[in-house]
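Trainee: here's my sequence, what's the structure:
(2 chains)
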There are 2 protein chains.
Amino acid sequence: MQDTHTEVLANVRLTEREQAILRELRAIKDESGSHSPSLYTLKDRVPDLAIKVDACFLSNPYATDLFIERLTDDLLATGELRKVLEFYPSQNRHVAALLQPVLGVDADHIFVCNGAVEAIQAALHRFAGMKVAVILPTFSPYYEYLLPNQEVLFYRLSREHDFELDVDEFIEFVLRNGIDTVCLINPNNPDGGYVPTARMREMLDAFADLQLVILDESFVDFAYEDEQRTRQSLAVDAAQRSNVMLIKSMSKDFGIAGIRAGYAITSPPRVEGLVKNGYLWNISGLTEFFFRLFAEEEFQQDYVEARLRYLDEATRFFAALAEISHLHPYPTKANFCLVELATALPVEILAPLLLIRYGVYIRDCRDKIGLEDGQYVRIAGRTEHENEMMVTALREAIAECAGRA
Amino acid sequence: MQDTHTEVLANVRLTEREQAILRELRAIKDESGSHSPSLYTLKDRVPDLAIKVDACFLSNPYATDLFIERLTDDLLATGELRKVLEFYPSQNRHVAALLQPVLGVDADHIFVCNGAVEAIQAALHRFAGMKVAVILPTFSPYYEYLLPNQEVLFYRLSREHDFELDVDEFIEFVLRNGIDTVCLINPNNPDGGYVPTARMREMLDAFADLQLVILDESFVDFAYEDEQRTRQSLAVDAAQRSNVMLIKSMSKDFGIAGIRAGYAITSPPRVEGLVKNGYLWNISGLTEFFFRLFAEEEFQQDYVEARLRYLDEATRFFAALAEISHLHPYPTKANFCLVELATALPVEILAPLLLIRYGVYIRDCRDKIGLEDGQYVRIAGRTEHENEMMVTALREAIAECAGRA
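Mentor: Predicted structure coming up:
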């Protein structure tokens, strides 16, 4: 298979330097499992590669701007940064108490975490049952982190239905199979499919007797149900239902993947179990600093602007992708969209060509269970300028690939 | 009991403001479990309290200086900081590979972690057996993080033997009781007792058939066995023994508690199990930045100076404590020392008085199992100037307390 790729890529005239980069990229990808390698890893291994747009990366850059502004004013200008790095951050419960007003749920329902994956691991290892339903395609930790004695039952979304979840059919699937644990991501990653809040509540009702319902709202800030694009969240519902654990990454909407921040909302005994048994000092000083900003009204107001600006630009970008020949973007309510490539446009050619020649890094989805037989890429919205660069790069690369395939 | 304290404290003439602070401190301590509340928590809850020296905090401030210098040059001056906070850090294995040369063990033995407590939790939950030996006094997570079906067997160090571990007796204790898991901290926290490397190797040999031997070397940079004060570590031994898991916090010796950084050295299958099942992106961008410095020869050379300077000053400070009446410091090879107070000097008076009136925060050890019946405090070495402030404050506070008790 690798040989075929190299030959076809040779048709699109890769230079020797480009071919060497391609070989190294394939080796790195083989080592990274079901995730894309980080920018730093790529830089170490392929110093020759110039990445101009990282569209694997699901993150609002305008929110990063906002965070950096406040970090500059509050920590750098004041010299306070040293303390944040030198001293121990506060314990989990203290930070949870700061979040109570902004999340609208009592502090004893809030578990603060070092990135959402920490909560995913804890939920699957400590609270999940023996039969776990996972909707495909998905974020791979939901099945990779299961213990050997836990069984996973996959429910597949289909391209024929635009990867939309049929809520009634899924409820029926869960009840029919004696499933005790359900993992829901809304909007879903990697397809961006969204189940409106009213329908989500129907599911929570139908699953009221299950042992655990994980509800991952990591992309919820990019979804909306009205013209004002109001942010929706089931945080209050999660706090009211003792079998629900809502998980939220802050990396995407707040643009701070490097600091590792997230929270979970679940029942007080579960929160207490986590805090008393292992997760007392799990967050860093900078994560505590971020959560203090997050709890601040002024920061939230500034964030609304960053959120709406990014949403506007992403929406226009996804519309522009639909105009490009050979690309079929699926409906999305997230900050990325899943794009199917026409048969004439082999993904194993387009993705590396975009990266090596145009510096545009998109997510080849062949390693995602549920998408492995198709020609899918996931492309995130970035800044307006970067979105324009991507559209140009895609048009040129596609013209070259498709012309020769 | 609380009333008695208040009365006696009234004898040392607390002002009303000081008494109010004292009440709030007691409430916070009740909420913080077996750990001292962080500086940030204290600042939120008792804004009126001015902490001048935090000697609860076990950390080399000269190493913090070094880290801040490099952060300033490499991340702030270059504008690189934004990338470190915005983008995902590298995966665990990639950072482990950077550490291979400096740790002198193969990368597949190295697990990089978000502070040592993350590795402690993982070790106890995933690799420990059913009967766990913990030496008292200890760092409380070693028994607090055990699962309900794990039994803890405490082995008590005694003040009569200066809290020194009798290696032969402990080996006999472990073998006689059918223990399958042993937790060793060397130097030990909170007493600073040290078992020389040759004796530690005897223990590892004696425990070769156990399921797990945890060896916590978080304070090893402050111990030494020769006049040059060379750093000792059993890293290579740990990599050679499949039942050993060496755990190392970077917070203390490198003065960076706020960024959360640590590593473990254990067998490749254990490392692989952790990385594949939950701990893929556990560290932050700043932790990755720190580990890149740590792997650098120049940084290690600069660190040796910071380490030796701090060691010198701490040694002089502990000697000065021994000169103060009513204080009995125990022998230590760590950056703190355990101090027993004379009966005439009630710890429940001295500790809050030092904090409220002198801004000196020391660790009251009454909540530590194994020390709860005595009058112990743990005092860390800080900068030379802070050490001098502490000596003065201790002399004055002791004169006042002891004079009236």
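
Trainee: please make it C-alpha for all contacts and neighbour counts, starting now.
Mentor: OK.

Trainee: would you say A:Glu164 is within a strand?
Mentor: No: with the criterion set as DSSP: H, G, I helix; E, B strand; the rest coil, the secondary structure at A:Glu164 is coil rather than a strand.

Trainee: pick out the residue of the stretch 251-400 of chain A closest to chain B.
Mentor: Closest contact between the stretch 251-400 of chain A and chain B, by CA to the nearest CA, is at A:Gly258 (4.1 Å).

Trainee: three-state assignment of that residue?
Mentor: Of the three states, A:Gly258 takes helix according to three-state DSSP.

Trainee: next one, pLDDT for the closest residue in space to it that isn't next to it in sequence please.
Mentor: Across the structure, with CA to CA, 6 or more residues apart in numbering or on different chains as the measure, the residue nearest A:Gly258 apart from its sequence neighbours is B:Leu85 (4.1 Å). The predicted structure scores B:Leu85 at 97 on the pLDDT scale.

Trainee: sticking with B:Leu85, tell me its helix or strand.
Mentor: B:Leu85 belongs to helix B:81-86 when assigned by DSSP states H and E.

Trainee: after that helix, next one along is what?
Mentor: In the C-terminal direction, the helix or strand that comes right after helix B:81-86 (DSSP H and E) is helix B:92-103.

Trainee: for that next one, which outside residues touch it?
Mentor: Residues from elsewhere that reach helix B:92-103, judged by CA atoms under 8 Å, 6 or more residues apart in numbering or on different chains: A:41, B:106-108, B:110-112, B:235, B:275, B:279-283, B:288, B:291-292, B:294-295.

Trainee: re earlier: ok, the residue of the stretch 251-400 of chain A closest to chain B touching B:Gln91?
Mentor: No: under the criterion of CA atoms under 8 Å, A:Gly258 lies out of contact with B:Gln91, with a separation of 11.7 Å.

Trainee: A:Lys333 and A:Pro190, how far apart?
Mentor: Relative to A:Pro190, A:Lys333 is positioned 11 Å away (criterion: CA to CA, to the nearest Å).

Trainee: quick one: low-confidence parts of chain A?
Mentor: Low-confidence segments of chain A, defined by pLDDT under 70, span residues A:1-11, A:403-405.

Trainee: can you show me the strands along it?
Mentor: With DSSP state E, the ranges of strands along chain A come out as A:53-54, A:110-113, A:131-136, A:151-156, A:181-185, A:212-216, A:244-249, A:262-265, A:327-329, A:336-341, A:360-361, A:363-364, A:376-380.

Trainee: nearest to B:Val195, out of the ones you listed?
Mentor: Closest approach to B:Val195 among those is made by strand A:110-113 (36.0 Å; CA to CA).

Trainee: list the pairing partners of that closest one within its sheet, with orientation.
Mentor: Based on DSSP bridges, the strands next to strand A:110-113 in the sheet, each with its direction, are strand A:262-265 (antiparallel).

Trainee: can you map out the helices along the stretch 101-250 of chain A?
Mentor: With DSSP state H, counting those that start in this stretch as the criterion, the stretch 101-250 of chain A has helices at A:116-122, A:141-144, A:167-176, A:197-206, A:235-240.

Trainee: deepest of these, which one?
Mentor: Among those, ranked by average contacts under mean count of other CA atoms under 10 Å in any protein chain shown, first place goes to helix A:116-122 (a mean of 23).

Trainee: does that helix reach chain B?
Mentor: Yes: when contact is scored as CA under 8 Å from any CA of the partner chain, part of helix A:116-122 falls within range of chain B: A:Val117, A:Glu118, A:Gln121.

Trainee: from chain B, how far off is the residue nearest to A:Leu345 when sequence neighbours are not counted?
Mentor: Take A:Leu345 and drop its neighbours on the chain: the residue closest to it by CA to CA, 6+ apart is A:Ala402, 5.5 Å away. With the distance defined as CA to the nearest CA, to the nearest Å, A:Ala402 ends up 32 Å from chain B.
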